[in-house]
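Peer 1: okay, structure incoming, though there's no sequence with it:
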């Protein structure tokens, strides 16, 4: 089935999601049937969930629960302070990289999303904004990489992407494009012939960063999609988020790295949860984070150990965990939020 049809047919209610899995409200009394942040789950992703298991790690990532409505100290609607870009649809928080809010929607609404409250209607690029983006990038020669973000940038059609890629590759200072996407995981058919042809047709390399949190997300359809990406992209990487009740055990994270490797994906970052309102029930303590990462170091070869990182507003790079604490420019960073 065409990826856009699968997208249109996504499940959008808690009752519908539970019905697909042979569950009912008695199994999950904490569900929220009318969440402020809508439910959206495509069938290919549902097919990888375990029927009859209310604690399935894929289900827990996408099922709205009543905890989302509770306010918690330290959790806020704009945790990364991303509302002040230089022009609409552009964030320039890393010196050499410009991040484009290219699309406002996603194929799946992850409950822990740090942009779940983001005002996309005011800050998403439209086709009328593209000239302004190109002018901005031409005027900022320090930018050598453009990061497509969102939402999910692959929600755009292949022809739309192709036209914009061509505009960007014509800027002499742009060395590569990076696409952050979950679509090839939740709907593997999104990796179309046309998309692959578009990537091979441009002269600068393209890096794809996927978002996989649990080994069960990778089935044979995902493996085939990744194989197609690897043939046309310079690298296929993965970013995961450590989430309570989903992957907060050493066994889960080790299995994830091993499964990523089997699928041809390189582990890249292991992100600490961004403290966004509505996601506090996914939070993992700092002490446990350190124990989990140490377990990865002891169990896996170095090339399968993702960097444990967090994002701190106002710092122009990821903050990396070292044995002695979070390091910023070689200086210990003490998290005042915890």
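Peer 2: That came through fine. Bear in mind the structure is a predicted one, so any value in this text is a computation, not a measurement.
Peer 1: what ranges does the chain have for its helices?
Peer 2: Using DSSP state H, the helices assigned to the chain run over residues 3-8, 14-20, 43-46, 57-62, 120-123, 130-139, 158-169, 183-186, 193-201, 220-232, 250-262, 286-299.
Peer 1: any chance you could list what contacts the third one?
Peer 2: To tie it back to what came earlier, the one meant is helix 43-46. Residues outside helix 43-46 that contact it (Cβ atoms under 8 Å, 6 or more residues apart in numbering) are 6, 9-11, 17, 20-21, 58, 62, 108, 185-189, 217, 221. To be clear about C-beta, it is placed using only N, CA and C from the backbone, and glycine gets the same treatment.
Peer 1: among those, which ones are buried?
Peer 2: The neighbour-count test (16 or more other Cβ atoms under 10 Å) marks 6, 10-11, 17, 20-21, 58, 62, 108, 185-189, 217, 221 as buried among the contacts of helix 43-46.
Peer 1: now, the most widely separated pair of those?
Peer 2: Farthest apart among the buried ones among the contacts of helix 43-46 by Cβ to Cβ are 21 and 189. That separation is 21.9 Å.
Peer 1: thinking again about what came up before, closest one of the buried ones among the contacts of helix 43-46 to residue 256?
Peer 2: Taking Cβ to Cβ as the measure, residue 256 lies nearest residue 217 of the buried ones among the contacts of helix 43-46, at 8.7 Å.
Peer 1: please verify my assumption that the closest one contacts residue 185.
Peer 2: Yes: between residue 217 and residue 185 there is a contact under Cβ atoms under 8 Å: 5.7 Å.
Peer 1: closest to residue 262 out of the buried ones among the contacts of helix 43-46?
Peer 2: Among the buried ones among the contacts of helix 43-46, and counting by Cβ to Cβ, the member closest to residue 262 is residue 217, at 12.8 Å.
Peer 1: in contact with that closest one, which residues?
Peer 2: With contact taken as Cβ under 8 Å, 6+ apart, residue 217 is in contact with 45, 48, 58, 185.
Peer 1: where's the residue nearest to residue 257 when sequence neighbours are not counted relative to residue 171, distance?
Peer 2: What sits nearest to residue 257 in space, not counting adjacent residues and going by Cβ to Cβ, 6 or more residues apart in numbering, is residue 304, at 4.3 Å. As judged by Cβ to Cβ, to the nearest Å, residue 304 and residue 171 stand 35 Å apart.
Peer 1: deepest in the core, which of the helices of the chain is it.
Peer 2: helix 183-186 (a mean of 27; mean count of other Cβ atoms under 10 Å).
Peer 1: show the pLDDT at residue 317.
Peer 2: Residue 317 carries a pLDDT value of 75.
Peer 1: now residue 329
Peer 2: Reported pLDDT for residue 329: 45.
Peer 1: helix or strand with the lowest mean pLDDT in the chain?
Peer 2: Sorting the helices and strands of the chain by mean pLDDT, DSSP states H and E puts strand 331-333 at the bottom, at a mean of 45.
Peer 1: okay, now the unreliable bits of the stretch 1-150 of the chain?
Peer 2: Residues of the stretch 1-150 of the chain meeting the criterion pLDDT under 70: 1, 79-83, 117, 119-124.
Peer 1: circling back: any chance of the helices of the chain in CSV, plus distance to residue 87?
Peer 2: Output for these, formatted as CSV (distance: least, Cβ to Cβ, whole Å):
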stretch, distance to residue 87
helix 3-8, 29
helix 14-20, 38
helix 43-46, 34
helix 57-62, 33
helix 120-123, 10
helix 130-139, 5
helix 158-169, 15
helix 183-186, 26
helix 193-201, 25
helix 220-232, 30
helix 250-262, 35
helix 286-299, 36
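Peer 1: and of these, who's closest to residue 240?
Peer 2: Among these, if distance is taken as Cβ to Cβ, the winner is helix 250-262, at 6.4 Å.
Peer 1: chain center to that closest one, what's the gap?
Peer 2: 17 Å (Cα atoms, centre = their mean, to the nearest Å).
Peer 1: neighbouring contacts of it?
Peer 2: Here helix 250-262 makes contact (Cβ under 8 Å, 6+ apart) with 57, 212-215, 218, 223, 238, 240, 242, 246-247, 266-267, 270, 291-292, 295-296, 299-300, 304-306.
Peer 1: for the spatially most central residue of the chain, which non-adjacent residue is closest in space?
Peer 2: Central residue of the chain (Cα atoms, centre = their mean): residue 211, 4.5 Å from the mean position. Leaving aside its sequence neighbours, residue 211 sits nearest to residue 182 (Cβ to Cβ, 6+ apart; 4.5 Å).
Peer 1: rounded mean pLDDT for stretch 275-294, please.
Peer 2: Computed over stretch 275-294, the average pLDDT equals 92.
Peer 1: ends of it, what's the gap?
Peer 2: 23 Å (Cα to Cα, to the nearest Å).
Peer 1: didn't residue 310 look like it was pressed against residue 293?
Peer 2: No: at 11.9 Å, residue 310 does not count as touching residue 293 under the criterion of Cβ under 8 Å.
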